[in-house]
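[1] with the input below, show me the fold.
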Amino acid sequence: MARSTFYYHKKRFNRADKYSQEKKILSAIFHKNKGRYGYRRITAAIRNQGYTINHKTVYKLMAELELKSLVRKKRYRSYKGEVGRIVPNILERNFKTDRPNKKWATDVTEFSLFGVKLYLSPIIDLYNGDCQFQYR
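    Residues are numbered from 1 along each chain as shown. So this is what the prediction gives:
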């Protein structure tokens, strides 16, 4: 082995850790926040304490210390139970009538156009199927 190689490696292994203080602070911040902080938030917290450190360095140090933030995936839940009141079923699927304007049926449809919500509610007379439209 060459003499220069021996002393190069000796110097390299005897060198103190360059980021020892930052590692302690990083680990303390990580555990203080119960593992919820990732490298971006930890970088911001370290900078708030007055240290100048790059986010890539924080990322590298977290990998060395095997610190990984917990990210929980939030599931979409659209079911909200029974919302509003349930009206009684007056028609009971009997859609026929003997004179006009006795039974009406409607449905409300919501549209979003140009950032504005619009509602369309066609009203159908069950006597002959005539349709009237209301919108707001």
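[2] burial measure for residue 14, as a count.
    A count of nearby residues for residue 14, using other CB atoms under 10 Å, gives 7. Using the backbone N, CA and C atoms, a C-beta is placed for each residue, glycine as well.
[3] and it, what is it in contact with?
    Contact partners of residue 14, counting by CB atoms under 8 Å, 6 or more residues apart in numbering, are absent.
[4] distance-wise, check it relative to residue 3.
    17 Å (CB to CB, to the nearest Å).
[5] pLDDT on the biggest strand by length in the chain, on average?
    What stands out as the longest strand in the chain, according to DSSP state E, is strand 116-125. Confidence over strand 116-125 (mean pLDDT, whole number) is 88.
[6] chain center to that strand, what's the gap?
    Put simply, strand 116-125 sits 32 Å off its chain's centre (CA atoms, centre = their mean, to the nearest Å).
[7] mind starting the numbering at 22 from now?
    Fine by me, first position is 22 from now on; the one you just mentioned is strand 137-146.
[8] that one pairs with which strands, parallel or anti?
    strand 125-127 (antiparallel), strand 130-134 (antiparallel), strand 152-156 (antiparallel) (DSSP bridges).
[9] quick check: which ranges of the protein have low pLDDT?
    Along the chain, the model assigns pLDDT under 70 to residues 154-157.
[10] domain ranges for this structure?
    39-92, 125-156 (automatic domain parsing).
[11] contact partners of stretch 92-111?
    residue 59.
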